[in-house]
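Peer 1: Predicted model and sequence below, questions to follow.
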Amino acid sequence: MLFNSFEFIFGFLPLAVLIFYLFTHYGHTNAAIYFLALASIFFYGWWNWNLIWLLIGSIFINYTWGRILSTNRSKVYLTIGVIFNLTLLGWFKYAGFLTSTVNDLSGTQFNLGNIVLPLGISFFTFQQIAYLVDTQRGIAYENHFGRYCLFVAFFPQLIAGPIVHHGEILPQYAQSEKIRLRLENIVVGISIFTIGLFKKVILADPMGEYADRVFSAAAHGDPVTFVTAWAANFAVALEIYFDFSGYSDMAIGLARIFGIKLPLNFNSPYKAKNIIDFWRRWHMTLSRFLRDYLYVPLGGNRLGRVRRYINLAIVMLLGGLWHGAAWNFVIWGGLHGLYLIINHGWRRLYPLISWPQGNFKGITTFAAQTATLLAVIFAWTFFRSENWLSAQTMMMALTGQTGIFLPSSYEVSFSYVVPFLSYFGVQFGAGPDPAIYPTLSTFIQIIGLFCFVLIVPNTQQWLAQYQPALNTAAENIKHIRESFLWRPNAFTGACFAILFLVCLGYLLKNNHHEFIYFQF
């Protein structure tokens with residue numbers, strides 16, 4: 001069941017909210033918790049009822065093992081629990097990938113059959129590993145099965161995150177006053193959900209449709225030229241941004257409707273000044289997990305500079321593999337690992353260089369942001385490519401190896417610089433990819449949406465005074481004019497009603513597109 005589907009918006013959600021608040025209204029908090037947990041499991045099973053037992057079994061086993069670890073904090077017991085979770089994840093997500101890799105390298109023909117990847121397994125596995133680790137450390141314990149079940153299966157974050165931490169979510173379930181019906185939670189939650197829905201269906205999906213055409217052509221070996229490749233990569237950057245940002249908003253909004261605050265998972269990453277800053281803003285809960293439960297245990301930055309860089313490379317390679325069981329994701333993670341190493345190295349070098357101050361500071365900041373954004377967009381090639389042929393074709397095009405073509409009509413407009421452009425290999429004509437060459441409308445949309453992303457405040461800033469997420473900082477509103485802040489009044493309500501109707505109209509005319517993180 002997708003958040004952007006009619007059965008969810010007009011069926012599951014209103015019914016779940018109604019029954020949940022009927023229980024809390026009459027003081028049956030435990031019943032409300034158990035009901036929401038069961039409703040979340042039903043939500044999960046809607047996609048594939050055969051895999052519902054995997055989620056239930058994982059919850060029950062990890063809860064039981066956590067109870068054991070709370071009384072006997074043996075590292076052996078912890079190791080067994082972690083191995084169980086990694087084996088589960090490894091079989092369903094990576095067994096086919098490893099088998100195909102072995103077959104390619106050795107010429108064998110091993111076949112494990114069709115292994116269906118369960119929804120959200122990467123997310124609920126990591127959450128429960130963190131819980132077991134912290135239980136062994138003595139800083140986590142939950143003896144209420146309903147609350148633990150809801151911690152793992154809560155439907156707003158079950159499928160695609162955020163990866164919630166037990167310490168920030170379980171205490172909320174234990175406080176009955178937090179999950180009482182409050183009009184503020186309903187209004188704020190619906191508003192954030194509507195913003196996320198708009199980002200997904202109006203902004204992300206159209207960008208994805210153009211990117212699909214180009215990357216599909218590349219996957220079939222069709223020629224792609226320089227301008228087309230870069231336009232597709234910018235479209236992919238926008239698609240992924242609005243898709244993941246939209247899902248994160250919808251998850252936070254849905255949770256808030258039930259009185260629960262989820263952690264912030266997305267904070268305008270394309271405004272980052274460097275790659276370190278990017279990963280503090282992009283998939284923030286995954287970055288937190290990788291830092292606390294992988295990077296730090298590996299030694300972090302405590303064992304010297306070289307070991308620090310090795311740890312960064314390992315973490316990002318595994319982070320890439322977490323995103324998908326394919327070599328293109330490993331390369332994507334490796335690229336970001338290299339970016340981070342360069343960034344940390346530059347930070348050591350920077351104080352030794354005498355940079356001009358004053359007016360030049362703004363120029364250097366702009367250059368840093370631009371370089372960071374281009375590096376991120378370049379790496380998205382591997383994230384988005386269907387296969388190695390697609391990635392190879394796109395990389396050749398992005399680096400100008402397949403030619404730089406502009407429409408013949410541009411030759412008149414740029415007549416005064418044609419000799420200069422020709423010197424750098426620019427040719428005027430249809431080129432080999434006219435069917436997928438970006439139109440003027442495509443260029444305008446891409447430029448307009450990037451201006452929107454880089455200038456307009458994000459959802460958390462707009463509603464910061466209502467603390468929409470757990471780690472929403474009050475200073476988020478300091479650069480926003482008060483007249484632009486979200487207000488619960490008739491005008492705002494009318495605007496959001498129109499926005500919601502626009503989204504519904506689009507959904508009526510178009511197919512429901514899955515979220516990019518839908519099956520990770």
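Peer 2: Okay, I see it.

Peer 1: distance of residue 152 from residue 160?
Peer 2: 14 Å (Cβ to Cβ, to the nearest Å). C-beta here means a position set from N, CA and C on the backbone, and glycine is covered the same way.

Peer 1: Kindly report the same for residue 251.
Peer 2: From residue 251 to residue 160 the distance is 8 Å (Cβ to Cβ).

Peer 1: Residue 312 - nearest residue in space that isn't next to it in sequence?
Peer 2: Distances taken as Cβ to Cβ, 6 or more residues apart in numbering place residue 340 nearest to residue 312, at 5.0 Å, with adjacent residues excluded.

Peer 1: where does that neighbour land on pLDDT?
Peer 2: pLDDT for residue 340: 94.

Peer 1: In three-state terms, label it for me.
Peer 2: helix (DSSP: H, G, I helix; E, B strand; the rest coil).

Peer 1: contacting residues for it?
Peer 2: By Cβ atoms under 8 Å, 6 or more residues apart in numbering, the contact set of residue 340 is 275-276, 279, 312, 316.

Peer 1: can these go into CSV with extra columns for neighbour count?
Peer 2: Formatted as CSV, those follow (neighbours: other Cβ atoms under 10 Å):
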residue, neighbour count
275, 25
276, 15
279, 22
312, 22
316, 24
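
Peer 1: ok, these vs residue 106, which is closest?
Peer 2: Ranked by distance to residue 106 (Cβ to Cβ), these are led by residue 316 at 27.9 Å.

Peer 1: which residues does residue 288 contact?
Peer 2: Here residue 288 is in contact with 163, 165 (Cβ under 8 Å, 6+ apart).

Peer 1: That one is in what secondary structure piece?
Peer 2: Assigned by DSSP states H and E, residue 288 falls within helix 284-290.

Peer 1: buried set for that helix?
Peer 2: By 16 or more other Cβ atoms under 10 Å, the buried positions in helix 284-290 come out as 284-290.

Peer 1: just curious, which of the residues you listed is nearest to residue 259?
Peer 2: Checking the buried residues of helix 284-290 one by one against residue 259 (Cβ to Cβ), the nearest turns out to be residue 285, at 20.1 Å.

Peer 1: Pull the contacting residues for the closest residue to residue 6 other than its chain neighbours.
Peer 2: Once flanking residues are discounted, residue 6 sits nearest to residue 507: 7.0 Å by Cβ to Cβ, 6+ apart. If a contact means Cβ under 8 Å, 6+ apart, then residue 507 has 4-6, 201 as its contacts.

Peer 1: Kindly report the same for residue 253.
Peer 2: Contacts of residue 253 (Cβ under 8 Å, 6+ apart): 188-196, 468.

Peer 1: helix or strand right after the helix or strand that contains it?
Peer 2: For residue 253, the host element (DSSP H and E) is helix 226-257. Per DSSP H and E, the first helix or strand lying C-terminal to helix 226-257 is helix 275-281.

Peer 1: for that next one, packing partners?
Peer 2: Counting contacts by 3 or more Cβ pairs under 8 Å, 6 or more residues apart in numbering; DSSP states H and E, helix 275-281 is packed against helix 327-349, helix 360-384.

Peer 1: Now with 6 Å, please.
Peer 2: Where contact means 3 or more Cβ pairs under 6 Å, 6 or more residues apart in numbering; DSSP states H and E, helix 275-281 is packed against helix 327-349.

Peer 1: The helix it packs on versus helix 360-384: what angle between them?
Peer 2: 160 degrees (axes from the mean of the first three to the mean of the last three Cα atoms, to 10 degrees).

Peer 1: can you redo the contacts of residue 507 as TSV with neighbour count?
Peer 2: Putting the contacts of residue 507 into TSV (neighbours: other Cβ under 10 Å) gives the following:
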residue	neighbour count
4	23
5	14
6	12
201	22
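
Peer 1: Can you tell me which of the residues you listed is closest to residue 182?
Peer 2: residue 4 (26.0 Å).

Peer 1: how near is the closest one to residue 313?
Peer 2: Residue 4 is 37 Å from residue 313, by Cβ to Cβ.

Peer 1: So for residue 357, what's the pLDDT?
Peer 2: Note on residue 357: pLDDT of 57.

Peer 1: same thing with residue 141?
Peer 2: pLDDT, residue 141: 84.

Peer 1: what's the nearest residue to it if we skip its chain neighbours?
Peer 2: That would be residue 70: by Cβ to Cβ, 6+ apart, it lies 4.8 Å from residue 141.

Peer 1: secondary structure element for the one you found?
Peer 2: Using DSSP H and E, residue 70 falls in helix 52-71.

Peer 1: Who are the packing partners of that helix?
Peer 2: For helix 52-71, the packing partners by 3+ Cβ pairs under 6 Å, 6+ apart are helix 121-137, helix 145-153.

Peer 1: The ones you listed: which one's closest to residue 375?
Peer 2: helix 121-137 (24.9 Å).

Peer 1: Residue 13: helix or strand, and which one exactly?
Peer 2: helix 13-25.

Peer 1: For the helix or strand that comes right after that helix, buried residues please.
Peer 2: Where DSSP H and E defines the elements, the next helix or strand beyond helix 13-25 is helix 29-45. By neighbour count with 16+ other Cβ under 10 Å, helix 29-45 contains the buried residues 29, 31-37, 39-45.

Peer 1: quick check, nearest of those to residue 325?
Peer 2: Using Cβ to Cβ, the buried residues of helix 29-45 come closest to residue 325 at residue 44, 20.8 Å.

Peer 1: wait, what's in contact with the closest one?
Peer 2: residue 55 (Cβ atoms under 6 Å, 6 or more residues apart in numbering).

Peer 1: how close does it sit to residue 1?
Peer 2: Residue 44 is 9 Å from residue 1, by Cβ to Cβ.

Peer 1: Give me the number of neighbouring residues for residue 14.
Peer 2: 11 (other Cβ atoms under 10 Å).

Peer 1: before we move on, what about the one 10 residues further on?
Peer 2: The burial metric for residue 24, expressed as a neighbour count using other Cβ under 10 Å, is 22.
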